[in-house]
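Participant: here is a sequence with its predicted model. Questions after.
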Amino acid sequence: MIHWPGHRFALAAFFGVIAVWLVAMFGIMRDAALPADAAGIMLVVFEPGIADDIAFAAIARANAKPIRKTAFGFIWVVDGNAGKLKAEGALGSYRNLPISPEIAGCVAVADAKVAQAFGL
Amino acid sequence: MITSKSVPWYFTPMIVLLAGCAVAIVNYGVRASFGLFTLPISEAHQWPREIYSFGIAVQNLMWGIATPIAGMLADRHGAARVLMTGAVLYCLGIISMALTTSPLMFHLGGGVLVGTGIALSSFSIVMAALGRIVPPEKRSWAFGLATASGSLGQFIFAPLAGALLAAYDWQFTLYVLAALSLLIIIFATPLLVQNTASSLASADETKLSMSAAIAKAFQHKSFWLLTLGFFVCGFQLMFITVHLPPYLAEFGISKEFAAIAIGLIGLFNVAGSYLSGVIGGRGEKRIPLSLIYLLRSLAIAAFILLPITPVTTLIFTATMGALWLSTVPLTMGLITVMFGTRYMATLYGFVFLSHQIGSFFGIWLGGRLFDQLGSYELVWWVCIGLGLFAALIHLPIRESRAASFAVA
């Protein structure tokens, strides 16, 4: 009698796929990270939990123009300079995305933390 | 069904199921990201949006038309071979999208080739393979798993392609998607178990020829009811997909929030599809199917009758997400109950064609009536009425083997 898997298999497969997807997203976002001299419309991420007004003030101090705030207050789309934004407290700046800035932004936070830790 | 333990590791149940899920994820996922290329491709070639839109419309049309043909090929030659052929067409079509120099080339490549590739490598073909490989008591669960995988593919590929577009350029992104679609060839390999001696055809399968089986199915009242029901499914889903964001905008809900709300559909769709497969395996399938259509109608009615706010929008999209592709495992399950597994891909192909025709009307009628009336109100009520109609017509479906498909 052959044993056919059940719900545990389905759950493990689900989390396996999500894990592979996260690794892929992480790698791609690393490549989407902007150097300090980059300027233009970009996705900028701050420390999660930052208040909207503090993020907005940091963007203003960096002479950047907020294009839009995403559903998460720590992820913004702005027109500015990556180096200046970083100097004002941003974790990192990334090329703008056509879709899902929230999901990409969360991956970007992890990427920015790793980049910070390893001086990338 | 896999009947012997002496099969190679790549034909073991777990690998076969994983392979089926992987095919569904890639097939549905890659397709779900094409909307992101509207702007970059149109801008690169200085085309009006209509050219890209027409190519994608052709793609969807080809997907619908080619699905019954893909089903016939799968029923005759085995699902794995069809999936592999589909992967090659899918890949070539995507490459031609990247290399296109003229609208005609785009319509043939991104439209005809990709549409045919999607049909040949779609999860309905995966389900046909799983339907024959897994034992009857696990069949509905496997259908749910394959459908949930397709839904998961839709949910994860769009952000992935978006990130690729941000990190690289649109042509490179298309090459990556083309390469990913080729993975279907590898993923489909374990499904070749269907073509081996260790996978024995069930003794109670019909001995009818394919043409006779199609003719007999179309003479069966329950097959028509199922086909009509799937038309409603296509109508409702595509109307909501295309017209919900502009409808929400009328109530001051931002594009960004609408995108999140639609993302929620994808997430709840994964759970809903899986659960419906589980429920379908525990008893009658027509009752839960009827309930899904009834609940859709109730959800739509509540949504449009209550004040539209971000909270009601999220509740609506989560509810619709849970009911989104949950019709698929039950519909496929009913086909196998009524007609067996021998021609399930072919017969599901015809039912799916009706779904695509419904999709067309959902998109087109939504726009047409909005232009004429300046409101989506009437189309929402059409969705509710059709949902109630579908809920009713599934009740008389006879959930037993059709007489002409029974084996003495």
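Facilitator: On my side now, so go ahead.
Participant: does stretch B:28-46 reach chain A?
Facilitator: Yes. Judged by Cβ under 8 Å from any Cβ of the partner chain, stretch B:28-46 comes into contact with chain A at B:36, B:39. Quick note: C-beta positions are derived from backbone N, CA and C, even for glycine.
Participant: just the buried positions in that stretch, please.
Facilitator: B:28-34, B:36-38, B:40-42 (16 or more other Cβ atoms under 10 Å in any protein chain shown).
Participant: please apply the same query to stretch B:81-100.
Facilitator: Neighbour-count burial for stretch B:81-100, with 16+ other Cβ under 10 Å as criterion, is recorded at B:81-98, B:100.
Participant: among those residues, which ones lie close to chain A?
Facilitator: Okay, of these, nothing touches chain A (Cβ under 8 Å from any Cβ).
Participant: which neighbouring elements make contact with the longest helix belonging to chain A?
Facilitator: In chain A, with assignment by DSSP state H, the single longest helix is helix A:7-32. Other elements packing on helix A:7-32 under the criterion 3 or more Cβ pairs under 8 Å, 6 or more residues apart in numbering or on different chains; DSSP states H and E are strand A:92-95, helix A:101-118, helix B:13-32, helix B:136-167, helix B:255-280.
Participant: same list, the ones you listed, but as TSV with mean pLDDT and distance to residue B:342 please.
Facilitator: Listed next are the helices and strands packed on helix A:7-32 as TSV, based on pLDDT from 0 to 100; distance: least, Cβ to Cβ, whole Å:
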stretch	mean pLDDT	distance to residue B:342
strand A:92-95	92	51
helix A:101-118	85	43
helix B:13-32	93	19
helix B:136-167	92	14
helix B:255-280	88	20
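Participant: what about residue B:77, how many neighbours?
Facilitator: Other residues within reach of residue B:77, judged by other Cβ atoms under 10 Å in any protein chain shown, total 12.
Participant: what's near enough to touch it?
Facilitator: For residue B:77, the contact set (Cβ atoms under 8 Å, 6 or more residues apart in numbering or on different chains) is empty.
Participant: ok, residue B:132 touching residue B:194?
Facilitator: Yes. Applying Cβ atoms under 8 Å, one finds residue B:132 in contact with residue B:194, separated by 5.5 Å.
Participant: overlap of the contact sets of the two?
Facilitator: Shared contacts of residue B:132 and residue B:194, defined by Cβ under 8 Å, 6+ apart, comprise residue B:79.
Participant: between these two, which one's more packed in?
Facilitator: Shown here are residue B:132 and residue B:194; by other Cβ under 10 Å, residue B:132 has more neighbours (28 against 24).
Participant: and that one, what pLDDT?
Facilitator: Looking at residue B:132, its pLDDT stands at 86.
Participant: phi, psi of the closest residue to it other than its chain neighbours?
Facilitator: Residue nearest to residue B:132 in three dimensions, not counting chain neighbours: residue B:341, with 4.9 Å by Cβ to Cβ, 6 or more residues apart in numbering or on different chains. Residue B:341 adopts backbone torsions of phi -100, psi -10, taken as degrees, to the nearest 10.
Participant: give the other helices and strands that the helix or strand following the longest helix of chain A contacts.
Facilitator: Using DSSP states H and E, the helix or strand that follows helix A:7-32 in sequence is strand A:39-45. Packed against strand A:39-45 by the contact rule (3+ Cβ pairs under 8 Å, 6+ apart) you find strand A:75-81, helix A:82-87, strand A:92-95, helix A:101-118.
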